[in-house]
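J.: quick check, what structure comes out for this input:
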Amino acid sequence: MKQFDRIRSSFEYLLPLLHSEGECYLAQKIREGCAVIDDIEQGVVSEEKGLRLLKEIHKTMYWAHGGLADFHVWRESAEERAHVNQEIAKRVDFIWGELREN
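T.: From the prediction side, this is the model:
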């Protein structure tokens with residue numbers, strides 16, 4: 001379950017940033033991922049099936065140009081921009097490591 005808690009935490013960090021930048025499709029996919037984690041926690045789906053569903057959702061967040069891999073935010077302050085984008089990169093890399101297909 002701890003794996004799913006960390007994935008949810010990363011999803012929840014990204015969600016408001018995606019909304020603020022107008023990334024509605026990615027935000028919807030993040031919400032779908034959170035719903036799957038809810039289902040796992042409530043015993044509606046098994047961890048195995050939930051992980052499979054999360055991986056399917058995850059694959060839809062990446063495409064040739066754009067998607068979650070290229071997501072970043074612009075802030076006027078270079079320091080704030082660097083901090084936020086480093087945190088985004090850390091979260092996206094974590095999600096990728098947990099959900100990529102081997």
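J.: buried ones in the longest helix along the chain, by neighbour count?
T.: Determined from DSSP state H, the single longest helix within the chain is helix 78-99. Residues Val84, Asn85, Ile88, Arg91, Val92, Ile95, Glu98, Leu99 are the ones in helix 78-99 that count as buried (16 or more other Cβ atoms under 10 Å). For every residue, glycine as well, the C-beta is placed using N, CA and C.
J.: which non-adjacent residue is nearest the first one?
T.: Closest residue in space to Val84, ignoring its immediate chain neighbours: Val73 at 5.4 Å, by Cβ to Cβ, 6 or more residues apart in numbering.
J.: quick one: mean pLDDT over the longest helix of the chain.
T.: Averaging pLDDT along helix 78-99 gives 95.
J.: need the residues that contact that helix.
T.: With contact meaning Cβ atoms under 8 Å, 6 or more residues apart in numbering, helix 78-99 is reached by 3, 6-7, 10-11, 13-14, 17, 51, 54-55, 58, 68-69, 71-75.
J.: for the helix or strand that contains Leu26, list every residue counted as buried.
T.: Using DSSP states H and E, Leu26 sits within helix 24-41. If you call a residue buried by 16+ other Cβ under 10 Å, then helix 24-41 has these buried ones: Leu26, Ala27, Lys29, Ile30, Glu32, Gly33, Cys34, Val36, Ile37, Ile40.
J.: which one of those residues sits closest to Ala64?
T.: The shortest approach to Ala64 among these belongs to Leu26, at 15.1 Å (Cβ to Cβ).
J.: where's the closest one relative to Ala82, distance?
T.: Leu26 sits 21 Å away from Ala82, going by Cβ to Cβ, to the nearest Å.
J.: surely Val36 touches Val45?
T.: Yes - the criterion here is Cβ atoms under 8 Å, and Val36 meets it with Val45 at 7.2 Å.
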